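Novice: Show me the folded form of this:
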Amino acid sequence: MLAGLTGCVWASLKLDGFLYWLVLYLAWVLVVEAAWRHAQVYRDRFVITTVRIFRVTGVISTKRATIPITRITDMTVRQPALGHVLNYGHLRFESAGQRQDLENVKHIRDIDRVEEIQRIVSMKKTLEASYANWTVDDIRAVLDGT
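Specialist: Presented below is the predicted three-dimensional model:
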């Protein structure tokens, strides 16, 4: 944005006629492009709950993708060299048998918090696996405190 404004000021001081309007037009194109890209990044949301993972993207029209946590079989974190400096990274989810819109999620801020996500996913799966073989009598015994 600063480059666009600098270009406008420079163009108004030095150029005449067609060249002035060309430089002014290109400067405004750069400003609009930068604003659009910023809006796209700002409107890309990634939410994790104890039940599902959501991703909402889009500026004018929105696209929503969800996947239940129970269907996630593996989660890979990739952090490039620049990601270490700027604290971002990429996630890759693998689910049971289907391709999802959440398969690759790029440029996630605070990627170090992904360990919390992995812990939630593994806890949820462990709990579901341990309670899968319970009978009604086992549940009643726990509820009654015996």
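Novice: how about the longest helix belonging to the chain: buried residues?
Specialist: Ranked by number of residues, the top helix in the chain under DSSP state H is helix 17-42. Neighbour-count burial for helix 17-42 flags Val23, Leu24, Ala27, Val31 (criterion: 16 or more other C-beta atoms under 10 Å). Glycine gets a C-beta too; all of them are placed from N, C-alpha and C.
Novice: Could you list every helix and strand that it packs against?
Specialist: Applying 3 or more C-beta pairs under 8 Å, 6 or more residues apart in numbering; DSSP states H and E, one finds that helix 17-42 contacts helix 2-14.
Novice: wait, isn't Ile69 in contact with Arg52?
Specialist: Yes: under the criterion of C-beta atoms under 8 Å, Ile69 makes contact with Arg52 at 6.4 Å.
Novice: what about the residue lying closest to Val41 once chain neighbours are set aside, distance to Arg92?
Specialist: The spatially closest residue to Val41, leaving aside those adjacent along the chain, is His107, at 7.5 Å (C-beta to C-beta, 6 or more residues apart in numbering). Per C-beta to C-beta, to the nearest Å, His107 is found 13 Å from Arg92.
Novice: Could you count how many residues lie near the residue nearest to Val41?
Specialist: 14 (other C-beta atoms under 10 Å).
Novice: Now do the buried residues in the one helix or strand it maps to.
Specialist: His107 is part of strand 104-109 when elements are defined by DSSP states H and E. For strand 104-109, a neighbour-count test (16+ other C-beta under 10 Å) marks Val105, Ile108 as buried.
Novice: so what does that strand touch, helix or strand wise?
Specialist: Strand 104-109 packs on strand 88-95, going by 3+ C-beta pairs under 8 Å, 6+ apart.
Novice: Neighbouring strands - and their directions - for the strand it packs on?
Specialist: strand 72-78 (antiparallel), strand 104-109 (antiparallel) (DSSP bridges).
Novice: Grab the CA positions of the shortest one and hand them over as PDB.
Specialist: Pointing back at strand 104-109 there. Provided in PDB are the C-alpha atoms of strand 104-109 (Å, rounded to 0.1, in the frame of the first residue of the first chain):
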ATOM      1  CA  ASN A 104      -4.100 -29.400   3.400                       C
ATOM      2  CA  VAL A 105      -4.300 -26.200   5.400                       C
ATOM      3  CA  LYS A 106      -1.600 -23.700   4.700                       C
ATOM      4  CA  HIS A 107      -0.200 -20.700   6.500                       C
ATOM      5  CA  ILE A 108      -1.500 -21.300  10.000                       C
ATOM      6  CA  ARG A 109      -0.400 -18.800  12.700                       C
END
